[in-house]
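Chemist: Quick one, what's the 3D model for this:
(chains A and B)
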Amino acid sequence: MLGDRRAVLVSSVSTIVFFVVLGAAIFLAPGSREVAHDFFSFEAMREALVGTNTTPSVLSSFWLNVRMFLVAEVFILVLALVIAVIRQMPGPALFPLRLVAVIYTDFFRGVPLLLVIYIMGFGIPGLAIPGISDRSPVVLGVAALVLSYSAYVAEVYRAGIESVHESQVIGARSLGLSRWQSMRFVVLPQAVRRVIPPLLNDFISLQKDTALVAVLGPIEAARAAAIYGSDRFNYSSFVVAALLFILLTIPLARFTDHLVARDRKRRRGGAMA
Amino acid sequence: MSAEPLLRLESVDKSFDANHVLRGIDLDVAPHEVVCLIGPSGSGKSTLLRCINLIEPLDGGRVILEGEEISARGVDQDAIRQRIGIVFQAFNLFPHMTVLENITLAPVRVLGKERAAARSEAEKLLGRFDLADKRDEYPDRLSGGQQQRTAIVRALAMQPRLMLLDEITSALDPELVAEVLILVRELAKQGMTMVIATHEMGFARDIADRVVFLDEGRILEQGAPDRIFTAPQQPRTQQFLQRIIAAGRL
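Modeler: Residues are numbered from 1 along each chain as shown, chains lettered A, B, ... in the order given. Predicted structure coming up:
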């Protein structure tokens, strides 16, 4: 135990020393005063956060990021699951569907998200389809996020599905469950539990990528920060926007850790303690 | 044995690629009969059981359950499997479900029973097999013997006409084998028709109405347990039993 405490002490001290040195290096840099003023001005941060007469509030613009994320997330979870399940369905009759699913994932994983957003945002309105083309840029941007991320998340699901041992399916089928029921009640619940951490990883990434929708015009947090920056020649607004994104992702990360730990504890319970 | 057989196998044939596992198996199982399949590893015991409940598709031959050819094209296999319970060596319990959920899943989803009714039936079965206090546990927290008994209860909850047991004690620690075998004896006493693949020769001798010796995908000989174990006719059977005796398993 004494050794443990010593190790903690040594690692704590060395970590603190590292960051003190790093901080000093930044503080003593020739341009440090300018950077401190341009990027870490408390007053500018406050202004950017609540907004001014000429610049939008970064905080209320961030609400748009949150909404885009929440809506996209729901659609991604569903669409990706459909794609993953289609890819796992056997039988020659379903070959065309499987092929579509494979092409879909290959295509949307291969195209940069930014291009998908451009193509959707400018291409769909150009098609002039009533009811679809007249959607707002936010809707088209979210649709682009859904299309792109579903390809990734489908692969995450698929890895989870494949990790469930064949004997589980045999156990289910031999009780008279159909192929679909075995998938629905036996394979998917286990698969989804196993992929919660990688899913979360993709969703943290999604939260940040909502900022890319700004290229279609909507004023979300990063765009609002940029407006403040060019209006006041002070970029503390970017730091504020960055902090908001961090504040959003950390609770999600901790929540997932909690879910994983709870599931493990429930299944292994006192036996392992 | 004049009654119509509950199960009839006619020249059942099965290969995995170049490996010819079953070479024309003919077997009748009468209602309430307990048939033990014995034979060396790789003789086709497990495959035969899996062919009976159609988990493995046949390459040739027919499987007839209660007069109906279930191996025929166009038969609803899911419906057939409701009537045949199978228990595996590795239990195949669902780790994300409690004992009770494992047992009620198929009655609720397949038979369409009310959840409450399925639960109370499951609890009755659990009580009968001394598992009542485990109903809310997850399988990972049970001993191997408890897991295997749960798997048997899960199969019984579908009220099958026939039970297939695939080396159900092979994955258990020796001291846990007895509790599972006691349960199987109980089922036999109640008249459950069973086909049992096993390496437990003492158990087979004790419980079986008939013992079937399988070797290289063929039935080499079959008969009453006393005759098979004391006076086997085939040299291969004699050899197999001698090895078993030498290993102290009989």
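Chemist: Please identify which helix or strand holds the residue of chain B found nearest chain A.
Modeler: Proximity to chain A, evaluated over chain B using CB to the nearest CB, is greatest for B:N92 at 3.2 Å. Glycine gets a C-beta too; all of them are placed from N, C-alpha and C. Under DSSP states H and E, no helix or strand contains B:N92.
Chemist: Repeat that for B:S15.
Modeler: strand B:7-16.
Chemist: could you give the mean pLDDT of that strand?
Modeler: Strand B:7-16 comes out with an average pLDDT of 94.
Chemist: May I ask you to confirm that A:L199 is in contact with A:V153?
Modeler: Yes - shown here, A:L199 and A:V153 form a contact pair, counting by CB atoms under 8 Å, at 6.6 Å.
Chemist: Need the per-residue pLDDT for residue 55.
Modeler: As the question left the chain open, I've gone with chain A. pLDDT, A:T55: 89.
Chemist: Chain B, not that one
Modeler: 92.
Chemist: dump the residue contacts of it.
Modeler: B:I55 sits next to A:I170, A:R173, A:S174, B:I86 when contact means CB atoms under 8 Å, 6 or more residues apart in numbering or on different chains.
Chemist: With only the CA atoms kept, save stretch B:13-31 in PDB.
Modeler: This file holds the C-alpha atoms of stretch B:13-31, laid out as PDB (Å, rounded to 0.1, in the frame of the first residue of the first chain):
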ATOM      1  CA  ASP B  13     -27.800 -38.500 -44.400                       C
ATOM      2  CA  LYS B  14     -25.600 -35.600 -43.600                       C
ATOM      3  CA  SER B  15     -22.200 -34.300 -44.800                       C
ATOM      4  CA  PHE B  16     -20.100 -31.300 -43.900                       C
ATOM      5  CA  ASP B  17     -18.200 -30.700 -47.100                       C
ATOM      6  CA  ALA B  18     -16.100 -33.900 -47.600                       C
ATOM      7  CA  ASN B  19     -16.900 -35.100 -44.100                       C
ATOM      8  CA  HIS B  20     -19.700 -37.700 -44.300                       C
ATOM      9  CA  VAL B  21     -21.100 -37.500 -40.700                       C
ATOM     10  CA  LEU B  22     -24.300 -39.500 -41.000                       C
ATOM     11  CA  ARG B  23     -24.600 -42.400 -43.400                       C
ATOM     12  CA  GLY B  24     -28.200 -43.500 -43.600                       C
ATOM     13  CA  ILE B  25     -29.600 -43.600 -40.100                       C
ATOM     14  CA  ASP B  26     -32.800 -45.500 -39.500                       C
ATOM     15  CA  LEU B  27     -34.300 -45.200 -36.000                       C
ATOM     16  CA  ASP B  28     -37.800 -45.400 -34.500                       C
ATOM     17  CA  VAL B  29     -38.500 -43.900 -31.100                       C
ATOM     18  CA  ALA B  30     -41.700 -45.000 -29.400                       C
ATOM     19  CA  PRO B  31     -43.800 -42.600 -27.200                       C
END
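Chemist: touching chain A at all, it?
Modeler: No - residues of stretch B:13-31 are not located near chain A by CB under 8 Å from any CB of the partner chain, the shortest gap being 14.5 Å.
Chemist: circling back to that earlier point, what strands flank the strand holding B:S15, and is each parallel or antiparallel?
Modeler: Strand B:7-16 pairs in its sheet with strand B:19-29 (antiparallel), strand B:60-65 (antiparallel), by DSSP bridges.
Chemist: about what we covered before: between A:L199 and A:V153, who's got more neighbours?
Modeler: Neighbours of A:L199 and A:V153, each counted by other CB atoms under 10 Å in any protein chain shown, are more numerous for A:V153; the result is 26 against 21.
Chemist: before we move on, what SS does the nearest residue in space to that one that is not next to it in sequence have?
Modeler: Excluding the flanking residues, the one nearest A:V153 by CB to CB, 6 or more residues apart in numbering or on different chains is A:A80, at 3.6 Å. Following DSSP: H, G, I helix; E, B strand; the rest coil, A:A80 is assigned to helix.
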